[in-house]
Every structure is written in C-alpha cells, then in structure tokens.
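Chemist: From the sequence below, what's the structure:
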Amino acid sequence: MDREELLGATPEENGAPQKKQESPLVSLEKDLEFYADAIKEVAIEIMVEGISAHPIFIAHQHEVNIGELILNKEELNTDWTIQASTLEEFVEKGIISKEKKEPFLKVYKKPEDFMCVFVIVPEGANFIYYPYKKGRG
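Modeler: Predicted coordinates:
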C-alpha cells in the first residue's frame with residue numbers, strides 16, 4: 001500500500017498548495033479574547049457566591065466531564081467550548097493531586113485580572129493564564 005492510499009488525496013494533489021497547519025492555540029487566543037467579558041462575569045459570580053476563590057475554565061473542542069458548560073462553540077460559531085469549574089472540583093476529580101494543590105495555589109494568578117484556563121488538546125492538557133484586558137485600555 002502506498003502513501004496516497006493510506007492518506008487519501010492530499011491537498012497538493014488537487015492543485016491547491018499545502019497550507020501549514022495552524023496551532024490550535026491561535027484560535028484559542030482569538031476565542032478567549034471574544035469570550036473574556038463573559039468568562040470574567042462567571043469568575044466573579046463563582047467567587048461572590050462563595051462557590052470557590054479559585055475559578056478554573058476548561059477550553060476544549062471535544063467533550064469533557066468536568067465543570068459546567070458556559071460557552072458552546074456550536075451555538076457561538078467559535079472553535080472552542082468553555083466550561084466553568086473550580087480548584088476544588090479539580091482536586092476532587094484527581095486532575096490536581098492533593099499534594100500539588102499548594103504548589104498550584106502559589107502560581108495561581110489573581111482571578112480578577114487573569115482567567116485560569118485548563119486547555120485540552122489531543123496531545124494533552126495544560127494550564128494557562130490569560131489576561132482579561134489583553135491589548136485593551
């Protein structure tokens with residue numbers, strides 16, 4: 001079996017130039033910028049209602065079983081779905097081990113200024129902190 005049979009028709013075979021695959025983080029940044037006000041509102045609500053002092057948002061493109069759905073990519077015609085969660089839920093579900101909770105809190109940025117985002121991609125997952133007012137004001 002040769003390459004074409006394994007991979008199907010590739011773009012260069014159709015006369016179209018091969019487009020370099022863009023990092024999913026480029027579209028994530030665009031979506032986070034778009035979602036920033038809504039995410040901040042939810043973060044403040046989580047803190048004010050005493051649910052948690054440490055909101056965590058999950059950004060994904062598939063399906064995850066943690067947190068509450070707040071921004072659906074299908075409904076909003078974006079690339080990423082966002083779910084709201086908390087540090088407590090992450091510890092409870094074992095995503096952050098009890099031993100790692102204190103080190104996590106040491107690097108956790110001020111939730112009034114930054115959204116803590118757990119980004120899930122096929123290659124794995126990681127935490128990022130994204131400022132609410134990136135490039136504005």
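Chemist: Could I get the contacting residues of the spatially closest residue to residue 27 that is not a sequence neighbour?
Modeler: Counting by CB to CB, 6 or more residues apart in numbering, the nearest residue to residue 27 once its immediate chain neighbours are dropped is residue 79, at 4.1 Å. (C-beta placed from N, C-alpha, C; glycine too.) For residue 79, the contact set (CB atoms under 8 Å, 6 or more residues apart in numbering) comprises 24, 27-28, 30-31, 61, 73.
Chemist: Could you do residue 68 as well?
Modeler: Shown here is residue 68, whose contacts under the criterion CB under 8 Å, 6+ apart are 83-85.
Chemist: let's see 7 Å
Modeler: By CB atoms under 7 Å, 6 or more residues apart in numbering, residue 68 lies in contact with 83-84.
Chemist: is it in a bridge, and if so with what?
Modeler: residue 84 (DSSP bridges).
Chemist: What residues sit buried inside stretch 119-130?
Modeler: If you call a residue buried by 16 or more other CB atoms under 10 Å, then stretch 119-130 has these buried ones: 119-120, 128, 130.
Chemist: meant to ask about stretch 100-119, not that
Modeler: Neighbour-count burial for stretch 100-119 [16+ other CB under 10 Å]: 104, 108, 111, 114-119.
Chemist: Quick one: the helices in this protein, in order.
Modeler: Taking DSSP state H as the test, the helices found in the chain are 3-7, 24-48, 73-76, 87-92, 98-107.
Chemist: what is the mean pLDDT for the third one?
Modeler: Going back to what we said before, that points to helix 73-76. Confidence for helix 73-76, expressed as mean pLDDT, is 96.
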